[in-house]
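Asker: Got a predicted structure plus its sequence, pasted below:
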Amino acid sequence: MRRSALVRGLLYLGLLLLTVFYLLPLWGALTTSLKTDAEVDTTNPLSFPQRPTFEPYGAAFSYLRRPLLNSLLITLGGTLGSVALGAMCGYVLANFRFKYDNLVFLLITVGIFLPFQAILIPLFQTIRSLGLYDSVLGLILAHTAYGIPMCTLMFRVFYGELPSSLVKQALTDGSGPWRTYLKVVLPSTKIATVTVLIFQFTSIWNELLFGLVIGGPRSMPATVALNNLAGTLAAQWNVQMAGSMLLAIPVLLLYIFLGRYLIRGYMAGSVTAT
Amino acid sequence: MAEVKVADLRVTYNRGRTVAADDVSFEVTDGEFCILLGPSGCGKTTVLHSIAGLIRPDRGEVRIGDQVVTSVEGGVYVRPQDRNVAMVFQEYALYPNLTVWGNLAFPLEARGMRKAEVRKKVSEVAELLGITELLKRRPAQLSGGQRQRVALGRALVRDPSVFLLDEPLGNLDAKLRVQVRFELKRIQKQLKATMIYVTHDQTEAMTMGDRIVLMKDGKLVQVGPPRELYEEPRNLFVAGFVGMPPINLLHCTVVSSADGLLLDAGEIKLPAPETKREKLSPGMRLVVGIRPADIAWEGEGIPLEVALEGVEPMGDSVIVHGSLGSIGLTAKWALPEIQESDRVKFVLNPEKLHLFDPGSGARI
Ligand SMILES: Nc1ncnc2c1ncn2[C@@H]1O[C@H](COP(=O)(O)OP(=O)(O)OP(=O)(O)O)[C@@H](O)[C@H]1O
Ligand SMILES: [Mg+2]
């Protein structure tokens, strides 16, 4: 009894230390973002700001306003696009048998394992020949296409957890595949949908490479702008950190409000039991 | 309502490695209560799903009314949502996101019925099945028996060409089961509904069916009215599957004696039935089947003194287990109870014996 309490205490201590270590950079970013230029130069990055100021946030925001808006549009568009299309694919692949269905599934999901870098050049050429270079629409399109494989896989797994008799029942009840999806499958798998939405939102929001390659001055997402900030304003750590915090806020909010769904979604049981 | 015709159906799974149904042909006439009976895994659900269009068979044809809905050879396949069949799945398949009301209304709304009429139909069916108080609940808040009734209601609310029911009473308790069984049979008669009803419970099959389609390992074994399967089982499997308690089986050899041919099972020797005499010859090996209900406690026949092994009172009848040397026999008597003693008299009627070939199992 006492021994196991000791082991548990040590375990917690170890985990606590690791957590502190993991959160240290975030802490450093937060404190630095609240310091004045002068204080940044003279104090330790981890020390608490002596006279906290929001000025760096003002500076970062005025620089990042347009890119943040771009990011929001790109992320919303890309998330909705990939989730909607992935859900359709997952639904069909989980519930309907057709010729070469397994091959189709395989070919779609191979996309998950394609590294970003491998498709950059053909992607660039495709987007340019579509006349979508340096446009928000081009980035939405790229993220939608790139997100479909992962969304398809996740939805197929989630929808596979629904008893297959449910869709069959709806069909014999005279409800076609579309109506069945909207009236039965979608409402029974809300947590699954939220899980995939958060997953896609986070990936697209944080993505840098596509924005760098097919985005330009007009369509630049916030990740790219922040990266540029590091180059142009080399010394202004406080502004850069404030920009980082601004960029992190939407994702943090998402996790704070919807994180419990995400955990439930990842731990199966994402589907309402019959 | 409509008739259903299944012809030469073959269904395989795992790219042909599992044959779930083969050479299945039968007909259900308009307004008939047809039972698909057989042990677990024999392919009942597979056949039912083929009729509903949820499975595309490898071969064969399905006809509902005068429409061919599946024909592999003719390249015809009508989608399930266009077949107008009402299905109750083995695992209920209630829509978890909808209330009981929503579940019952679903098939009507899917067909675009007007709201007022939907409301009327749903409350009628809810009344009929005694689930009116449950209409606002969700499936997760129902007991197994209540879910089953909702699933049944979702089929009954419609006006389909045929009802396909896959063990719809499996999870009801004994009392409710008898009640719903009776109710279902009454509804079926009243609507003159064509029903195909899957079960592995032979009591259910005997009491409800106009006709039984008995399957084993994906094949039809015997098709006919319940009495026919009971009185003239085509082979040992049918004899053993139909009837409760199960038929007594004795391994015998045919011997000749002064009184004619005898069936010799060691401790028991029975005269061969008159009607079967010409098919028998001395030295032949047979399996003799004796229905427990064909063993009497008095009257004419061959009396046997057997040692009493046990008695199961069933209320209005008793099941009596007796033994004669190494042979065990079970009788079913329409008596409320019997005098317990060491020995009882079993009276056999030789004309009611069933004879089977021990090799092929076929009826002689
Ligand atoms: N989707 C499937 N994939 C592979 N094999 C299957 C599939 N469905 C059924 N089978 C096999 O086909 C055979 C017939 O199955 P089926 O479900 O029709 O039996 P059943 O008579 O309805 O049994 P039960 O009374 O247990 O419901 C079984 O051997 C089963 O294992
Ligand atoms: Mg079954």
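Answerer: On my side now, so go ahead. Ligands and ions are numbered 1, 2, ... in the order given.

Asker: how about the residue of the stretch 101-250 of chain B found nearest ligand 1, phi and psi?
Answerer: With C-beta to the nearest ligand atom as the measure, B:His200 is the residue of the stretch 101-250 of chain B nearest to ligand 1, at 4.9 Å. Backbone N, C-alpha and C define where each C-beta goes, glycine included. Per-residue torsions, B:His200: phi -110, psi 10 (degrees, to the nearest 10).

Asker: Number of residues surrounding it?
Answerer: 18 (other C-beta atoms under 10 Å in any protein chain shown).

Asker: swap in the one 3 residues further on?
Answerer: Residues within reach of B:Thr203, counting by other C-beta under 10 Å, total 14.

Asker: Can you verify my assumption that it contacts B:Gly243?
Answerer: No. Judged on C-beta atoms under 8 Å, B:Thr203 makes no contact with B:Gly243 at a distance of 9.7 Å.

Asker: list the contacts for A:Leu166?
Answerer: By C-beta atoms under 8 Å, 6 or more residues apart in numbering or on different chains, A:Leu166 lies in contact with A:Val184, A:Val185, A:Ser188, A:Thr274, B:Ala93, B:Tyr95, B:Pro96.

Asker: Could you check which helix or strand contains B:Lys136?
Answerer: Using DSSP states H and E, B:Lys136 maps to neither a helix nor a strand.

Asker: Which single residue of the stretch 251-364 of chain B ends up nearest chain A?
Answerer: B:Gly361 (35.1 Å; C-beta to the nearest C-beta).

Asker: Secondary structure class of A:Ala192, three-state.
Answerer: Classification of A:Ala192 using DSSP: H, G, I helix; E, B strand; the rest coil returns helix.

Asker: how many other residues sit next to the closest residue to it other than its chain neighbours?
Answerer: Spatial nearest neighbour of A:Ala192, chain neighbours left out: A:Phe158 (3.6 Å); criterion: C-beta to C-beta, 6 or more residues apart in numbering or on different chains. The tally of other residues near A:Phe158 (other C-beta under 10 Å) stands at 24.

Asker: Okay, A:Phe158 and chain B: tell me how far apart.
Answerer: Distance, A:Phe158 to chain B, by C-beta to the nearest C-beta, to the nearest Å: 14 Å.

Asker: wait, that residue sits on A:Leu93?
Answerer: No. Using C-beta under 8 Å, A:Phe158 is not in contact with A:Leu93, being 11.7 Å away.

Asker: helices or strands up against the lowest-mean-pLDDT helix or strand in chain B?
Answerer: Here the helix or strand of chain B ranked lowest by mean pLDDT, DSSP states H and E is helix B:174-191, holding a mean of 86. Applying 3 or more C-beta pairs under 8 Å, 6 or more residues apart in numbering or on different chains; DSSP states H and E, we find helix B:174-191 packed against helix B:115-129, helix B:144-156, helix B:202-208.

Asker: could I get these as TSV with distance to A:Leu103 and mean pLDDT?
Answerer: Below are these laid out as TSV (distance: least, C-beta to C-beta, whole Å; pLDDT from 0 to 100):
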stretch	distance to A:Leu103	mean pLDDT
helix B:115-129	43	93
helix B:144-156	36	90
helix B:202-208	43	89
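
Asker: leaving aside the residues next to it on the chain, what's closest to the closest residue to ligand 1 within the stretch 151-274 of chain A?
Answerer: Residue nearest to ligand 1 within the stretch 151-274 of chain A (C-beta to the nearest ligand atom): A:Ser164, separated by 8.7 Å. Take A:Ser164 and drop its neighbours on the chain: the residue closest to it by C-beta to C-beta, 6+ apart is A:Asn95, 6.6 Å away.

Asker: Would you list the phi and psi of the one you found?
Answerer: Note on A:Asn95: backbone dihedrals following degrees, to the nearest 10 are phi -120, psi -20.
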